[in-house]
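>>> My questions are about this predicted structure, shown below with the sequence.
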Amino acid sequence: MINPAAAAEIQTQGLSSEEAAKRLQQYGPNALEEKKRSAILRLLGYFWGPIPWMIEIAAVLSAVVKHWDDFWIIVALLVFNAGVGFWQEFTAGNAVEALKKQLAMKARVLRDGSWQEIDAKLLVPGDVIRIRLGDVIPADVKLISGDYLSVDQSALTGESLPVTRKVGDNAFSGTVVKRGEVVARVTATGARTRFGKTAGLVQQAKTVSHFQKAVLMIGDYLIYVSLALVVFLVLFQLHRNAPWLELVQFALILTVASIPVAMPAVLSMTMAVGAAALSRCKAIVTRLESIEEMASMDVLCSDKTGTLTQNRLTLGKIEVFNSSHEQGVLLAAALASREEDRDAIDEAILEGLADKKQLQAFEQTHFVPFDPVHKRTEATVTDHHGHTFLVTKGAPQVIMRMSALTEEQRHRAQRAVDAFAAEGYRALAVARRDPDVKQWQFLGILSLFDPPREDSAQTIVRALEYGVSMKMVTGDNLAIAKQIAAKLGLGTNILSASALTFDKDGHSAAADGDRVERADGFAEVFPEHKFGIVKLLQARNHITGMTGDGVNDAPALK
């Protein structure tokens, strides 16, 4: 723990280089520990396991009976099988490492009383950093000065809408700043961050692939048949008083012949060809077995945000009040926006405007950005006639309190907000007033949502045609999940994670199995829940796939 006096000094001067070096030694780099094996050990790993053992036994038996041609052919197949798998893993690993180097993050940190840019992996707890629009937060932090941040946590939690963080609040590593600028103090780095704890579940995720099970099952079947045949023939030959040496040689030859030594090599070669074809489609295959796994899949769990949906706010329905038409409400909302801020809500409004050229007839002379206290933006605007007026947009409850509404209009506005919420939409109210008038004129309510990707519904239909059951898994609330599921034709049986029983490691109760199998999707889930859902489906003998683009999907993907 940092004492108050030290904390005050840190906030003004930042850490000294010496103190930062000590803490780096104490806490380690701000990165997740990777257990890297040498290339030689990775190559030798392809000679170890149930499938290589079968081939190696066949080679030994061939040597025992002195069938050297068979021995060298089997050894060549063993080496070929290992070489194909190792080369594919090595190539994919190099591609992933190159991506990591390109994406290495930097951080603006206060050290020795001055701001400097360093590699994010060198951050330590207690560092003071500056975070601004567009940054990926490099560590878990506590906001210590500034106004606020609007943070996109979709990669970590699956929530499609940004959340607001004020001074005193915590923000998490891996989340993206959509609005605002603050100074923050690092509270956790590396594996101690929420990002790191999620990655910890990835280390727990271990499973035997369907490919390995299938090959072993075929191999076992052939070996058992051959052993039964050997026993029968040995007994038959004993009955005929055949020589013992001849019997042993015959039994060994039959056993060698029964081991499918060429099958792993043929399968590896086939999958390597598939991996090469996928690489031309910009897909990196890190495990050859995953190609066969995908072909055998019967349940696909898909993240919603950014996978089934576009992870981009889009304008929905508009409830018009004191305006002649919807575009009038939208124009006022656009005038209360600032395009250069690249705010997700402002971008959605500006994209929804039918004719952007009409904005050129207005000049925005003053702009007050959104903040979590007032919960609205406000702009002073002058039109081409020189007439000045004010426009505002923000939380419906706030705009309704400021506006001159009759009781009937107030009830109507509340019903519209409730209806949008029930459909999973975010509501935004718009109003305007002249400078010499105190109360605002309530223009209308906009709805915003994260729309499905254009190809999602078609992809789901194709998956169902191939016999793959789809289940949506999202961190968003139940209303949003149901609304998106309905649009995609997934079904209406969406369960909240709170309705399922999970322990701290994400394992679910066996009694939940039937409900999970019947469900069309899951809402309000955390990474450990996704992990538990996939494990439960696998325990019920489903070959389960998982798609996702966020850190929160990693344990389930693994």
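Cool, got the structure.
>>> Which parts of the stretch 451-558 of the chain are strands?
469-473, 494-496, 521-523, 544-547 (DSSP state E, counting those that start in this stretch).
>>> Reformat the ones you listed into TSV and put mean pLDDT, distance to residue 445 and mean neighbour count next to each item.
C-beta here means a position set from N, CA and C on the backbone, and glycine is covered the same way. Formatted as TSV, the strands of the stretch 451-558 of the chain follow (pLDDT from 0 to 100; distance: least, Cβ to Cβ, whole Å; neighbours: other Cβ atoms under 10 Å):
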stretch	mean pLDDT	distance to residue 445	mean neighbour count
strand 469-473	91	28	24
strand 494-496	89	26	20
strand 521-523	90	24	26
strand 544-547	84	34	21
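>>> Relative to residue 66, which of the ones you listed is closest?
strand 544-547 (47.7 Å; Cβ to Cβ).
>>> Each with direction, which strands does the closest one pair with?
With DSSP bridges as the test, strand 544-547 is paired with strand 299-303 (parallel).
>>> which helices and strands does the following helix or strand past the partner strand pack with?
Next helix or strand after strand 299-303 toward the C-terminus (DSSP states H and E): strand 314-320. Using 3 or more Cβ pairs under 8 Å, 6 or more residues apart in numbering; DSSP states H and E, the elements in contact with strand 314-320 are helix 326-335, helix 344-352, helix 407-422, strand 441-449.
>>> Next, the buried residues of strand 314-320.
Neighbour counts using 16 or more other Cβ atoms under 10 Å place 314-319 of strand 314-320 among the buried residues.
>>> Figure out which of the helices and strands packed on strand 314-320 is closest to residue 220.
Comparing those by Cβ to Cβ, strand 441-449 comes nearest, at 52.3 Å.
>>> Now do the closest one and helix 344-352, the angle between them.
100 degrees (axes from the mean of the first three to the mean of the last three Cα atoms, to 10 degrees).
>>> Give the partner strands of strand 441-449 in its sheet and their orientations.
strand 314-320 (antiparallel), strand 426-433 (antiparallel).
>>> so which of those strands comes closest to residue 496?
Closest to residue 496 of the strands paired with strand 441-449, according to Cβ to Cβ: strand 426-433, at 19.4 Å.
>>> Now do the SS call for the residue sitting furthest away from the middle of the chain.
Distance from the C-alpha centroid of the chain, by Cα atoms, centre = their mean, peaks at residue 241 (68.7 Å). Secondary structure for residue 241, judged by DSSP: H, G, I helix; E, B strand; the rest coil, is coil.
>>> any idea how this protein splits into domains?
4-30+123-200, 39-102+207-268, 297-309+452-547, 314-449 (the TED database).
>>> and those domains, which one's lowest on average pLDDT?
When these are compared on mean pLDDT, domain 39-102+207-268 scores lowest, with a mean of 72.
>>> about what we covered before: tabulate the helices and strands packed on strand 314-320 in JSON lines, adding columns for mean neighbour count.
Shown next, in JSON lines, are the helices and strands packed on strand 314-320 (neighbours: other Cβ atoms under 10 Å):
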{"stretch": "helix 326-335", "mean neighbour count": "23"}
{"stretch": "helix 344-352", "mean neighbour count": "20"}
{"stretch": "helix 407-422", "mean neighbour count": "15"}
{"stretch": "strand 441-449", "mean neighbour count": "23"}
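>>> for these, which one sits closest to residue 146?
Counting by Cβ to Cβ, residue 146 lies closest to helix 344-352 out of the helices and strands packed on strand 314-320; the figure is 19.7 Å.
>>> Run through the residues that contact the residue nearest to residue 135 when sequence neighbours are not counted.
Spatially, and ignoring its direct neighbours in sequence, residue 135 is nearest to residue 177 (4.8 Å; Cβ to Cβ, 6 or more residues apart in numbering). When contacts are counted by Cβ atoms under 8 Å, 6 or more residues apart in numbering, residue 177 touches 131-137, 149-152.
>>> Please repeat the previous calculation with a cut-off of 10 Å.
Going by Cβ atoms under 10 Å, 6 or more residues apart in numbering, residue 177 touches 131-137, 149-152, 162, 165, 171.
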